[in-house]
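Below are the sequence and a predicted model for it; my questions follow.
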Amino acid sequence: MAKAGSGRSAPPGVDPDALLCALILAPRTFPRNRYFALFENSVAARVRRRAARIRGMIRQLASSGNESAEITGEQVLEDGRFLIRFKVRGLALQRTAALTGLEAAALHYALHLAGKGKIEPSERRLVERTLERLGADVVSGANAPRPSGA
């Protein structure tokens, strides 16, 4: 029997891409302490790290003042990933990130919601259709009631 947390596939009933979008756009939707079973395996842990990376970029790109950042370039790489370059004004820092198409779409979606950018209709559809795959099974399966006395 496999040890909990050693799974290489997503938790049953959970679409990793849908979870990624949810954790980028509404990170408090699935708190680890409440949905612990959802985050026990390695796939979900990688999804959480990816979402945290994108949220960090969003914080910089959506903020104002010395720590605000702006996108200075975007390019599609040969492997289909998006290379996004941005600079942080007050720190004279330039940053580059290679994102999947879904990660880039979720980034643009979040920036659009924050009033800091535009989103292409195709990106909006991609994110919204991906979120639809999250479904109610996540809540019922990941947050199963604990036995009384536990």
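Cool, got the structure.

for this structure, which spans come out with low pLDDT?
In the predicted model, the chain carries pLDDT under 70 at residues 1-13, 136-150.

Could you give the bridge partners of the residue nearest to residue 63 when sequence neighbours are not counted?
Once flanking residues are discounted, residue 63 sits nearest to residue 69: 7.5 Å by Cβ to Cβ, 6 or more residues apart in numbering. Every residue, glycine included, has its C-beta placed from N, CA and C. Beta-bridge pairing of residue 69 under DSSP bridges involves residue 88.

Please, where are all the strands along this structure?
Under the criterion DSSP state E, the chain contains strands at 69-76, 82-88, 93-99.

Other residues contacting the longest one?
This points to strand 69-76. 60-61, 63, 82-89, 94-95, 104, 117 (Cβ atoms under 8 Å, 6 or more residues apart in numbering).

Just the buried ones out of the residues you listed, please.
Buried by 16 or more other Cβ atoms under 10 Å: 60, 61, 82, 84, 86, 87, 88, 104, 117, out of the contacts of strand 69-76.

Which residues are in contact with the first one?
The contact partners of residue 60, by Cβ under 8 Å, 6+ apart, come to 67, 68, 69, 86, 88, 95.

show me what contacts the closest residue to the second one other than its chain neighbours?
The spatially closest residue to residue 68, leaving aside those adjacent along the chain, is residue 89, at 5.6 Å (Cβ to Cβ, 6+ apart). The contact partners of residue 89, taken as Cβ under 8 Å, 6+ apart, are 66, 67, 68, 69, 70.
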